[in-house]
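1. Structure for this input, please:
(one chain, ligands or ions: 2)
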Amino acid sequence: MTEKLLGSIEAGGTKFVCGVGNDELKIIERVSFPTTTPEETMALVIGFFKKYNLKAIGIGSFGPIDIHKDSPTYGHITSTPKLAWQDYDFVGAMKKEFDLPIAFTTDVNAAAYGEYVSGNGKGSSSCVYYTIGTGVGAGAIQDGHFVEGFSHPEMGHMIVKRHSNDKFKGSCPFHSDCLEGMAAGPAIEKRAGKKGQDLSEEDLIWDIEAYYIAQAAYNTTLMLAPDVIIFGGGVMKQRHMLVKVHREFEKLINGYVKTPPLKDYLVTPKLEDDPGTIGCLALAKKELENS
Ligand code: ADP
Ligand code: ZN
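-> Ligands and ions are numbered 1, 2, ... in the order given. Modelled structure (predicted):
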């Protein structure tokens with residue numbers, strides 16, 4: 001009999017990345033579908049997984065989402081600005097097709113879990129993972145559990161202090177100049193008139209960007225004092241920025257807290273582009289073990 005596999009769904013605002021892997025969290029196959037309507041996108045997702053003999057599925061979804069298992073709307077995407085997906089019963093739709101253990105968490109929690117089990121958070125008792133991409137979000141893990149209460153964290157919307165050379169008003173529809181509004185990819189693009197990937201490394205915008213990311217690191221350090229903070233997402237492909245983040249962080253913290261050496265403390269993902277997929281596979285495996 002062929003080995004039963006684990007399934008992974010990284011549900012993002014622009015694309016759904018679906019994958020299958022084995023117990024060693026090796027990715028065997030991975031595909032991506034555009035995020036359009038639930039009917040269209042989910043038909044492709046379900047079609048992909050029907051080709052495999054699965055034993056559990058892990059979902060990391062854009063949000064906000066309902067993560068409380070005893071809630072009547074558990075497994076739903078809730079108040080997203082993506083109207084077609086508002087109140088969508090994601091886990092319900094999957095359960096209807098696949099009678100399997102299904103783990104459900106935020107996209108950033110899943111990526112955090114990937115780095116925690118086999119990336120730069122491995123061996124730590126706590127780690128925080130930020131994604132700086134189309135949006136900004138973060139997940140925190142303590143001893144293998146996600147830090148959460150009435151809901152999941154929304155650290156991407158923390159208030160940040162404005163850089164003295166930054167006149168941009170911010171792009172978050174809820175708060176204007178929160179971290180996401182000032183530092184996500186679209187904020188860079190609106191400021192500069194072109195995408196981050198098309199800007200030179202010498203552009204002064206990276207000093208501004210690093211200042212905001214350093215504030216996220218500063219606030220996270222003061223609130224959670226984790227063992228490591230990992231910064232992923234498209235914008236962090238600008239690896240040169242990490243040095244600037246370290247410098248700004250040192251200025252902000254001003255010797256008040258003695259953190260681990262910054263080269264080990266404020267880092268990019270070890271799993272490069274895979275923390276989300278590997279995290280979802282690991283969550284699927286854990287869900288199966290606990291079911
Ligand atoms: P998503 O957030 O949709 O999952 P990404 O993490 O790739 O996807 O984020 C996309 C955002 O990151 C876009 O705003 C894009 O301009 C920006 N981005 C992607 N690659 C780079 C890069 N190499 N340098 C700077 N910004 C980038
Ligand atoms: Zn905001």
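
2. Can you name the residue of the stretch 1-150 of the chain nearest ligand 2?
-> Closest approach between the stretch 1-150 of the chain and ligand 2, counting by Cβ to the ion: residue 136, at 8.6 Å. Every residue, glycine included, has its C-beta placed from N, CA and C.

3. pLDDT wise, what is that residue at?
-> pLDDT for residue 136: 95.

4. what does residue 1 give?
-> Confidence score, pLDDT, at residue 1: 54.

5. Now do the phi/psi pair for the residue of the stretch 1-150 of the chain closest to ligand 2.
-> When quoted as degrees, to the nearest 10, the phi and psi of residue 136 stand at phi -130, psi 130.

6. The one 3 residues further on now?
-> Taking degrees, to the nearest 10, you get phi -130, psi 150 for the backbone angles of residue 139.

7. burial of the nearest residue to residue 55 once chain neighbours are set aside, as a residue count?
-> Among residues not flanking residue 55 along the chain, residue 4 sits closest, at 4.0 Å (Cβ to Cβ, 6 or more residues apart in numbering). Around residue 4 there are 14 other residues, counting by other Cβ atoms under 10 Å.

8. what's near enough to touch residue 4?
-> Neighbour list for residue 4: 53-55 [criterion: Cβ atoms under 8 Å, 6 or more residues apart in numbering].

9. show me the contacts for residue 200.
-> Listed by Cβ under 8 Å, 6+ apart, residue 200 has no contact partners.

10. Give me the three-state assignment for it.
-> Assigned by DSSP: H, G, I helix; E, B strand; the rest coil, the conformation of residue 200 is coil.

11. Of all the helix elements in this protein, which one is longest?
-> As assigned by DSSP state H, the longest helix anywhere in the chain is helix 205-224.

12. Return the set of buried residues in that one.
-> Residues of helix 205-224 classed as buried by neighbour count (16 or more other Cβ atoms under 10 Å): 205-206, 208-221, 224.

13. Only the buried subset of the contacts of residue 4, as a PyMOL command please.
-> Applying 16+ other Cβ under 10 Å to these, the buried members can be selected in PyMOL as follows:
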select buried, resi 54+55
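
14. Got phi/psi on the residue nearest to residue 201 when sequence neighbours are not counted?
-> Spatially, and ignoring its direct neighbours in sequence, residue 201 is nearest to residue 240 (5.1 Å; Cβ to Cβ, 6+ apart). Torsion angles at residue 240 (phi, psi; degrees, to the nearest 10) stand at phi -60, psi -20.

15. what do you get for the one 4 residues further on?
-> In terms of degrees, to the nearest 10, the main-chain angles of residue 244 are phi -70, psi -40.

16. for it, what are its contacts?
-> Counting by Cβ under 8 Å, 6+ apart, the residues that residue 244 touches are 206-207, 210, 214.

17. 7 Å - rerun?
-> 206-207, 210 (Cβ atoms under 7 Å, 6 or more residues apart in numbering).

18. quick one: average pLDDT of stretch 251-263?
-> Across stretch 251-263, the average pLDDT comes to 98.

19. So what would you say the end-to-end distance of that stretch is?
-> End-to-end span of stretch 251-263 (Cα to Cα, to the nearest Å): 16 Å.

20. Ok, stretch 78-95 next?
-> 18 Å.

21. can you check stretch 134-154 too?
-> Termini of stretch 134-154 sit 15 Å apart (Cα to Cα).

22. Kindly report the same for stretch 141-155.
-> 13 Å.

23. Just the buried positions in that stretch, please.
-> Of the residues in stretch 141-155, those buried (16+ other Cβ under 10 Å) are 141, 146-147, 152-155.

24. Quick check: the two most widely separated of those residues?
-> Largest separation among the buried residues of stretch 141-155 by Cβ to Cβ: 141 and 154, giving 16.2 Å.

25. Quick check: pLDDT value at residue 83.
-> Taking residue 83 on its own, its pLDDT is 87.

26. which ones are touching the residue of the stretch 1-150 of the chain closest to ligand 2?
-> So residue 136 contacts 130, 156, 179-180, 183-184 (Cβ under 7 Å, 6+ apart).
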